[in-house]
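Visitor: Pasting the sequence and the predicted model now:
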Amino acid sequence: MSVIDIFKHSKAGGWEGNLRTLGINERLRLVPNDDRSSGNPPDSLVMFGPQRIGDAWEACARDDRQRDYLRLRIDDPSFARPITAALFPDDDGKSAQLMWRR
């Protein structure tokens, strides 16, 4: 997996940082989802300005050490296909690495 940015906790709750690849460098926010009434609702909404461009769900990695993370699915008409990424909080919980693998 490649680290494509470092996110920080947002003062309003959730996370904020950039989606940074060779062709993209845009500011994103992960906002906690307050409407969780439907089946399998996302835990957070991925926002680009006022637009919702994706969702994030809580997950748990079962690798050499068990750790919680957010699974992201981000889509935009300019993408060839949706981006699937993972946001792994650091041990201190103050920042998180956004990682991507094709």
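Guide: Looks like it came in fine.

Visitor: tell me which element the residue lying farthest from the centre of the chain is part of?
Guide: In the chain, the greatest distance from the average C-alpha position (C-alpha atoms, centre = their mean) is reached by residue 64, at 22.0 Å. Under DSSP states H and E, no helix or strand contains residue 64.

Visitor: Please read off the pLDDT at it from the model.
Guide: The per-residue pLDDT reported for residue 64 equals 72.

Visitor: Buried residues, the longest strand that the chain contains. List them.
Guide: Taking DSSP state E as the criterion, the chain has its longest strand at strand 51-62. Across strand 51-62, burial judged by 16 or more other C-beta atoms under 10 Å covers 53, 54, 55, 56. Backbone N, C-alpha and C define where each C-beta goes, glycine included.

Visitor: closest to residue 95 among those?
Guide: Distances from the buried residues of strand 51-62 to residue 95 were compared by C-beta to C-beta; the smallest belongs to residue 56, at 16.2 Å.

Visitor: ok, the closest one - contacts?
Guide: Contact analysis of residue 56 by C-beta atoms under 8 Å, 6 or more residues apart in numbering lists 30, 42, 43, 44, 45, 46, 70, 71, 72, 73, 87.

Visitor: Recalculate using a threshold of 7 Å.
Guide: 30, 42, 43, 44, 46, 70, 71, 72, 87 (C-beta atoms under 7 Å, 6 or more residues apart in numbering).

Visitor: likewise residue 57?
Guide: Applying C-beta under 7 Å, 6+ apart to residue 57 gives the contacts 42, 43, 70, 71.

Visitor: If we ignore the residues flanking it in sequence, what's nearest it?
Guide: Spatial nearest neighbour of residue 57, excluding adjacent residues (C-beta to C-beta, 6 or more residues apart in numbering): residue 71 at 5.0 Å.

Visitor: Any idea what that neighbour is bridged to?
Guide: residue 57, residue 86 (DSSP bridges).

Visitor: wouldn't it be in contact with residue 86 here?
Guide: Yes: counting by C-beta atoms under 7 Å, residue 71 does reach residue 86; the two are 5.9 Å apart.

Visitor: Look at the two and report which has more neighbours.
Guide: residue 86 (18 against 15; other C-beta atoms under 10 Å).
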